[in-house]
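Novice: What follows is a predicted structure for the sequence shown.
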Number of protein chains: 2
Amino acid sequence: MNSTKLKKLRTAGWKVSSAKDFLNLSVEEAMLVELKLSLTSALKEARQKRHISQTDLAARLGSSQSRVAKIEAGDPSVSLDLIVKALFATGATRRELQRAFTATEKIAA
Amino acid sequence: MNSTKLKKLRTAGWKVSSAKDFLNLSVEEAMLVELKLSLTSALKEARQKRHISQTDLAARLGSSQSRVAKIEAGDPSVSLDLIVKALFATGATRRELQRAFTATEKIAA
DNA sequence: TGTGTTTATGTCATTTTTGACATATACTGG
DNA sequence: CCAGTATATGTCAAAAATGACATAAACACA
């Protein structure tokens, strides 16, 4: 986790905390962001594979199309809770979730 | 996921939604709760194994001892984001996290 | 017993996340 | 081109989560 990567996350709108201990605290936050990106990517795949529209998924999830779009777009306003709930709502099992955990998401240059 | 289990989660303070579609929507929420419990349990283990106090962990995390206690207690007011950040803060790797994903947490009778 | 440390529980003002809505922009067949 | 469907983006009031604080309870170990 280098500082270039951190900068990229910041410009993407992520609030990777400006706390005192830049090289500790923020790294955990950045790890979380990476995890989220892996999962949202997995979500998009899972949803499309099953031919569910964002609107459909939103209904299953008790949410709105716009929020589903934001989840998949990796919007910083989306919690891990919601991402995981969305994944479950597509029918993904815990094991599938687990798989998504391994892959590290590349942050576009 | 039976309805007895759902009742237990509810009495533990979890807001497993009373949405129309009890046998779909709430099940995903319950799955999320189970996942959270697995992770908080893993967190407690990870922290204790490394002889870190809740106060120490709170500092690393930029949080407070009371919140760390709540995380480990499986308090419903704690987000998945915070649980995962806490796990990372103990030094847990993504692979360790992944392991915690498999184990299903028993809900005390 | 007392003293220090760790963990638990309750409360609350502030911050973050949410669903909903409007609206814009793709994308797909006709 | 148009019409229908899917997805993206911005905004906002309401709801949920947060750190901080007080304080209690459990634990250790002299």
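Specialist: Nice, I can see it.

Novice: CA atoms for contacts and neighbours, from now on please.
Specialist: Will do.

Novice: By mean pLDDT, which helix or strand of chain A comes out lowest?
Specialist: Taking mean pLDDT, DSSP states H and E as the measure, helix A:3-11 is the helix or strand of chain A with the lowest mean score, a mean of 70.

Novice: and after that helix, which helix or strand comes next?
Specialist: Next in sequence after helix A:3-11, counting helices and strands by DSSP states H and E, comes helix A:25-49.

Novice: and the helix or strand just after that next one, average pLDDT?
Specialist: Stepping forward along the backbone from helix A:25-49, the first helix or strand reached (DSSP H and E) is helix A:54-61. Average pLDDT, helix A:54-61: 95.

Novice: buried residues in helix A:54-61?
Specialist: Of all the residues in helix A:54-61, those buried under the rule 16 or more other C-alpha atoms under 10 Å in any protein chain shown are A:54, A:55, A:56, A:57, A:58, A:60, A:61.

Novice: List the contacts of it.
Specialist: Taking C-alpha atoms under 8 Å, 6 or more residues apart in numbering or on different chains as the criterion, the residues outside helix A:54-61 that touch it are A:47, A:64, A:65, A:67, A:68, A:69, A:85, A:86, A:89, A:90, B:24, B:25.

Novice: Tabulate those (TSV), appending pLDDT, secondary structure and neighbour count.
Specialist: Converted to TSV, the contacts of helix A:54-61 look like this (pLDDT from 0 to 100; DSSP: H, G, I helix; E, B strand; the rest coil; neighbours: other C-alpha atoms under 10 Å in any protein chain shown):
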residue	pLDDT	secondary structure	neighbour count
A:47	95	helix	20
A:64	96	coil	16
A:65	97	helix	15
A:67	98	helix	17
A:68	98	helix	27
A:69	98	helix	15
A:85	95	helix	22
A:86	96	helix	28
A:89	94	helix	23
A:90	94	coil	22
B:24	52	coil	13
B:25	50	helix	21
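
Novice: which one of those is nearest residue B:41?
Specialist: For those, the minimum distance to residue B:41 (C-alpha to C-alpha) is 19.9 Å, reached by residue A:85.

Novice: my read: the closest one touches residue B:29, true?
Specialist: Yes: under the criterion of C-alpha atoms under 8 Å, residue A:85 lies in contact with residue B:29, with a separation of 6.6 Å.

Novice: From the centroid of chain A, which residue is nearest?
Specialist: If you average the C-alpha coordinates of chain A and look for the closest C-alpha using C-alpha atoms, centre = their mean, you land on residue A:36, 2.9 Å from that point.

Novice: thinking again about what came up before, can you name the two of the contacts of helix A:54-61 that sit furthest apart?
Specialist: Every pair in the contacts of helix A:54-61 was compared (C-alpha to C-alpha); the two farthest apart turn out to be A:69 and B:24, at 21.3 Å.

Novice: who in chain A is up against DNA strand D?
Specialist: Selection of chain A residues close to DNA strand D by C-alpha under 7 Å from any atom of the strand yields A:48, A:52, A:53, A:54, A:55, A:65, A:66, A:67, A:69, A:70, A:72, A:73.
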